[in-house]
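> Got a predicted structure here, sequence first:
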Amino acid sequence: MVYSSLLYIYGFLPAALLLYYITPKKLREPVLLLLSMLFCSMISLYFLIFLAVFICVNYGCVRLINRLRKNENLAAIPMTIGIIFDLLALFAFRTAYFSWLHRIIKAPYSFYPIGISFFTLSAIGTLIDAYKGKVKAEISFIRFALFIIFFPKIIMGPLLRYSTFSKIIDKRRLSLSGIGIGMTIFVKGFAKKVIAADNLYMLFQSVQAENAEDLSAATAWLGIIAYVFCLYFTLSGLADMGTGCAYCFGIRMPQSFNYPLLSPRIKYFAARWQSQVVQWFRRYITKPLYSICRRKIVREIIFVFGWALFGFWYTFELNGMICGSILGLFLIIEARLREKKIMELTGIFYTFLVVVLCAVFLSGDSPAYSGRYLLTMIGAYGNLADSQTFYLLKSYIVLILLAMYASTDLFRNLMLKSGKRKIKAAVTIVSPLIVVALLIICTALISYSGSSGILLMKL
């Protein structure tokens, strides 16, 4: 069960909200934990058992670290054990090299712990924070378990520190208006996933079905542009659905995506794309390595290495590492060229080209395939456009243009800058009708197709 399933939208979520709102305030955290456990069990009973073991091991390590904090050498032992356990669990399910671990736990071959990339990083960050004394000694098991398993964030984040999550939980506020705002955010994400991402994925698949050498340059560009927008609307859509659900429970989590596509600078794209994950790699990987050496060239190598790990985190394949390395290199190049002020007017253009270049490797099965696809895009095989190009363009041009507009904050900025009360009042009146219409359309599309699980990346 995922956020975009009809069982979740019309069954689990309304029942969970009803139970939560009739529960006394003191018992709402345990109820949230029970609801999260139920959500995970509806995905798979093995998933729930796996998470129970994962939570107990990490909680035990955090408590040991806190007790041994006065002796750094002793405190480092449970921290190391916890990190090794988390990394082994992550690699066991994200790569084929640790398949023996999968066999040891005797899980079904198809079993996969959804969101493992997120809650593993969350656990590792908490272990390190505990070692540094940034996690209070008396840590609640219920809250720690909720930190790992909280169902609105387990699939697509956001990736939060334990201290940040605790503050958010402490500041939760319940209201009917909060439910309205939360459902608006949820339906927005639902529409991103079902209307935009699923249809763009069909365009991408139709292009990927052909050999790279047999495609025309224009068709190859259409395919990779469709992938870029499909990936964005899938991930940001799921993130919005999770954020909207949390809002309904009075929990206001930060956004993971802040309109990164079509950014005027690569650094803005990097800062707006799953910002909490980027901050995690910067906090726990890049900055500690910076302290080892102060030479600029070494720091730049470390910087690229950090982005390579970020790309690897997406795919756990060489292509993902290449994708991250390219982004890191262009961030360094941009920083140097910005000093000379020669890239003022071409920001959106060159940023999107870099994003497309990264997407070629992120979407490819191997570096060799991605290399051939790049050659096709520049017309190296002599075919610039063909009948397939015009057919796909005619079929998807409207959707692509709408996706480009929806991936920007133009409408939001227009509303913020508009001083006319009549316009804002009209939007306020029309918005609920639009939300209901989108919910009906998305429900109809899922009912017709049977699911909306396309391109659910195993993060």
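Arrived safely, thanks for sending. Numbering: from 1, shown residues only.
> going forward, measure contacts and count neighbours with C-alpha atoms only.
Noted.
> Poorly predicted segments of the chain, please.
Counting by pLDDT under 70, the chain contains low-confidence residues at 96-110, 137, 339-346, 410-428, 449-459.
> one more time with 80, if that's ok
Counting by pLDDT under 80, the chain has low-confidence residues at 1, 95-112, 137-138, 157, 294, 337-347, 409-431, 448-459.
> domains for it, by residue range?
6-171, 178-449 (automatic domain parsing).
> Please compute how far the strand or helix carrying Asp86 lies from its chain's middle.
Asp86 is part of helix 72-94, with elements assigned from DSSP states H and E. Computed by CA atoms, centre = their mean, to the nearest Å, the chain-centroid distance of helix 72-94 equals 23 Å.
> so after the longest helix seen in the chain, what's the next helix or strand?
Criterion DSSP state H: the longest helix present in the chain is helix 217-248. Downstream of helix 217-248, the next assigned helix or strand under DSSP H and E is helix 266-272.
> ok, now which ones touch Leu17?
Cys248, Phe249 (CA atoms under 8 Å, 6 or more residues apart in numbering).
> Can you classify it as helix, strand or coil?
Secondary structure, DSSP: H, G, I helix; E, B strand; the rest coil: Leu17 is helix.
> quick one on the thing from earlier: gap between the longest helix of the chain and the chain center?
Going by CA atoms, centre = their mean, the spacing between the C-alpha centre of helix 217-248 and its chain's C-alpha centre is 10 Å.
> Give me the buried positions along that helix.
Within helix 217-248, the residues that count as buried by 16 or more other CA atoms under 10 Å are 217-248.
> in which helix or strand would I find Ile348?
With DSSP H and E as the test, Ile348 turns up in helix 347-363.
> What helices and strands are in contact with that helix?
Where contact means 3 or more CA pairs under 8 Å, 6 or more residues apart in numbering; DSSP states H and E, helix 347-363 is packed against helix 217-248, helix 266-272, helix 318-340, helix 367-377.
> buried ones in it?
For helix 347-363, a neighbour-count test (16+ other CA under 10 Å) marks 347-348, 350-352, 354-363 as buried.
> Name the surrounding residues that touch it.
Applying CA under 8 Å, 6+ apart, the set of residues contacting helix 347-363 is 224-225, 227-228, 261-266, 269, 315, 319-320, 322-324, 326-327, 330, 367, 370, 373-374.
> could you redo the last one with a cut-off of 7 Å?
224-225, 228, 262-266, 319-320, 322-323, 326-327, 367, 370 (CA atoms under 7 Å, 6 or more residues apart in numbering).
> can you check stretch 259-269 too?
Arg272, Trp273, Leu331, Gly347, Ile348, Thr351, Phe352, Ser407, Thr408, Asp409.
> same question, stretch 114-131
Here stretch 114-131 makes contact (CA under 7 Å, 6+ apart) with 58, 62, 65-66, 69, 75, 79, 83, 86, 90, 135, 148, 154-157, 159-162, 458-459.
> Can you pick out the ones from those residues that are in helices?
Counting by DSSP H, the contacts of stretch 114-131 contribute Asn58, Val62, Ile65, Asn66, Ala75, Met79, Ile83, Asp86, Leu90, Ile148, Ile154, Tyr162 to helices.
> Quick one: buried ones out of those?
Buried among the ones in helices among the contacts of stretch 114-131 (16+ other CA under 10 Å): Asn58, Val62, Ile65, Asn66, Ala75, Met79, Ile83, Asp86, Leu90, Ile148, Ile154, Tyr162.
> Next, format those residues as a markdown table and append distance to Ser44.
Converted to a markdown table, those look like this (distance: CA to CA, whole Å):
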| residue | distance to Ser44 |
| --- | --- |
| Asn58 | 21 |
| Val62 | 27 |
| Ile65 | 32 |
| Asn66 | 33 |
| Ala75 | 35 |
| Met79 | 29 |
| Ile83 | 25 |
| Asp86 | 20 |
| Leu90 | 18 |
| Ile148 | 17 |
| Ile154 | 14 |
| Tyr162 | 26 |
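> Of those residues, which is the nearest to Leu176?
Nearest to Leu176 among those: Ile154, at 24.5 Å, using CA to CA.
> Quick check: the closest residue to the closest one other than its chain neighbours vs Arg94, distance?
Leaving aside its chain neighbours, Ile154 sits nearest to Gly115 (5.6 Å; criterion: CA to CA, 6 or more residues apart in numbering). Computed with CA to CA, to the nearest Å, the distance linking Gly115 and Arg94 is 11 Å.
> if you count what's nearby, which of these two comes out ahead?
Arg94 (22 against 17; other CA atoms under 10 Å).
> Phe316 is in contact with that one, correct?
Yes - judged on CA atoms under 7 Å, Arg94 makes contact with Phe316 at a distance of 6.4 Å.
> okay, now Val398: neighbour count?
So Val398, with other CA under 10 Å, has 11 neighbours.
> Could you check how far it is from Tyr405?
Val398 is 11 Å from Tyr405, by CA to CA.
> Next: Ile77.
51 Å.
> Name the nearest residue to Met42, ignoring sequence neighbours.
Met1 (6.2 Å).
> Was I right to think that neighbour contacts Ile43?
Yes - applying CA under 7 Å, one finds Met1 in contact with Ile43, separated by 5.1 Å.
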